[in-house]
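[1] let's see this in three dimensions:
(one chain, ligands or ions: 1)
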Amino acid sequence: MVLQADRRQHVMKAIRTFEEFRDALHAYRLPRVMIAALELNVFTTLDRRTWALPDLARELKVSERGLRILCRTLATAGLLVKSGNRYRNGPLGATGLNANHPSFHGAYLELLRNHWHSWSRVTESVRTGLPLDRDHSDEPDYRRQFTWAMHHRTLEIAPKIAAHLSLKGAGSLLDLGGGPGTYALAFLAKNRGLHATVCDRPAALDVAREIAATHTAGKRLSFIPLDLLSDEIPGTYDVIWYSNVLHIYSPEENRTVFRKAKAALSPGGRLIIQDAFLHDPQGIYPVDASLFAVSMLLFTETGDTYSVKDVTAWLANEGFTAIRSLRMKKENEDWEGGILEARNAAVPVRRRRRPSR
Ligand SMILES: C[S@@+](CC[C@H](N)C(=O)[O-])C[C@H]1O[C@@H](n2cnc3c(N)ncnc32)[C@H](O)[C@@H]1O
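    Numbering: from 1, shown residues only. Model prediction:
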């Protein structure tokens, strides 16, 4: 039985027998072969040519026996195409996994490769409740690499989300913790009358500026360096987009951000949160959102994934109104059911006085 990791799978099939347990454990095999292929530069070397195995082995400086077994396994997953003793890239191998192609996901692939090592140390983090390493968040080199990884991660999904999320009537958007600004650029490309601002750490904004310079919509993008926990948010915006930041922080830290966001929203303005929300009453599904919390355990001090119900309560507590999930089609989502919208009421909502007895 082959277990295919499907990140869109809402509920995992329960593991009941030892055989099912073993099969679930064995799911590491194909991913580890895929990482070996990346480490050995297989997809980039194959590029657009068909290679005989001995030639490819010579080019990659690996054993023929090892390469034969590696390539055959990659072919079972459709990443390579086998014809006799010759191999070529499948469609993804030739594009997104190939450093010679413009749609190469290089920085994100590098991040995923590094995650393999970190995930083999989950036990340590469970013991301590702490991230594996000291906090690198503010180191410029780390931030730069991570920001490019975020760009390569969202390059394809951001325009789909921008196409389906209506920003009608909005003149200004703040991409809070916007990193490479990939989402801001997608919103700008879709909404011609919009001006956007990306807020993030200075090293992330350097990458955002480089990317914006290659887009015509980039002319309508501004940049504000700030620490979103310790600084106030300058300016006023019709929409604040808070994407993939919620999970880095604790409930209290997020409530602080919500308070600042509300102060920076125009009357009737919207805070739109995108994240790996949990949806069921027990707060365990979708599977991908539960697994993502493990990453937060490995890499952050206080991060986690949260239920729509809890985040709705935090938003209501900070005075947001009309809080609702925005439903998108499956193929137009970063996360399943991953968008929550809240309004800064046009007229301040008066807190109701308790009736005197
Ligand atoms: C996971 S990335 C998400 C990037 C982008 N919003 C997206 O959805 O692809 C989180 C971003 O939040 C930024 N961030 C996290 N904590 C921050 C802080 N305290 N001050 C400023 N930026 C912060 C990080 O630098 C990073 O760019």
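
[2] of all of the stretch 1-150 of the chain, which residue lies closest to the ligand?
    Nearest to the ligand, among the residues of the stretch 1-150 of the chain, is residue 150, at 4.4 Å (Cβ to the nearest ligand atom). Where you see a C-beta, it was placed from the backbone N, CA and C, and this is true even at glycine.

[3] chain neighbours aside, what residue packs nearest to that residue?
    Leaving aside its sequence neighbours, residue 150 sits nearest to residue 179 (Cβ to Cβ, 6 or more residues apart in numbering; 4.5 Å).

[4] name the SS class of that neighbour, please.
    coil (DSSP: H, G, I helix; E, B strand; the rest coil).

[5] likewise for the one 10 residues further on?
    For residue 189, the assignment made with three-state DSSP gives helix.

[6] coming back round to it: what does the residue nearest to residue 150 show for phi and psi?
    Backbone torsions of residue 179, given as degrees, to the nearest 10, read phi 50, psi -120.

[7] from memory it sits against residue 203, does it?
    No - contact status for residue 179 versus residue 203: not in contact, 10.2 Å apart, counting by Cβ atoms under 8 Å.

[8] the ligand versus residue 322, what's the distance?
    Separation of residue 322 from the ligand (Cβ to the nearest ligand atom, to the nearest Å) stands at 23 Å.

[9] now do residue 272
    Applying Cβ to the nearest ligand atom, the value for residue 272 to the ligand is 11 Å.

[10] burial count for that residue?
    17 (other Cβ atoms under 10 Å).

[11] any idea what it is bridged to?
    Taking DSSP bridges as the rule, residue 272 bridges to residue 241, residue 341.

[12] OK, contacts around it?
    Applying Cβ atoms under 8 Å, 6 or more residues apart in numbering, we find residue 272 in contact with 165, 239, 240, 241, 242, 326, 339, 340, 341, 342.

[13] please apply the same query to residue 298.
    By Cβ under 8 Å, 6+ apart, the residues touching residue 298 are 118, 119, 121, 122, 125, 131, 132.

[14] quick revisit: neighbour count winner among residue 179 and residue 203?
    More crowded of residue 179 and residue 203, by other Cβ under 10 Å: residue 179, with 29 against 19.

[15] dump the residue contacts of the more buried one.
    Counted by Cβ under 8 Å, 6+ apart, residue 179 has contacts 146, 147, 150, 151, 198, 200, 204, 207, 208.

[16] the ligand contacts on the stretch 201-350 of the chain?
    Contact residues, the stretch 201-350 of the chain versus the ligand (Cβ under 6 Å from any ligand atom): 201, 204, 227, 228, 229, 243, 244, 245, 248.

[17] mind telling me what element the fifth one is part of?
    Under DSSP states H and E, no helix or strand contains residue 229.

[18] that one contacts residue 256, correct?
    Yes - the pair residue 229 and residue 256 passes the contact test of Cβ under 8 Å, sitting 6.5 Å apart.

[19] more neighbours: the two, which one.
    Each of residue 229 and residue 256 has its neighbours counted (other Cβ under 10 Å); residue 256 has more, 16 against 11.

[20] assign the more buried one to helix, strand or coil.
    In three-state terms, and counting by three-state DSSP, residue 256 is helix.

[21] which bits of the stretch 1-150 of the chain sit near the ligand?
    Residues of the stretch 1-150 of the chain lying close to the ligand (Cβ under 6 Å from any ligand atom) are 147, 150.

[22] could you pull out the helices for the stretch 1-150 of the chain?
    18-25, 29-39, 42-46, 53-60, 64-76, 91-94, 106-119, 122-128, 140-154 (DSSP state H, counting those that start in this stretch).

[23] just those helices: most buried one?
    Mean neighbour count (mean count of other Cβ atoms under 10 Å) peaks for helix 42-46 among those, with a mean of 23.

[24] give me the residues contacting that one.
    Helix 42-46 has contacts (Cβ under 8 Å, 6+ apart) with 37, 51, 56, 59-60, 70-71, 74, 79-80, 87-89, 93-94, 97-100.
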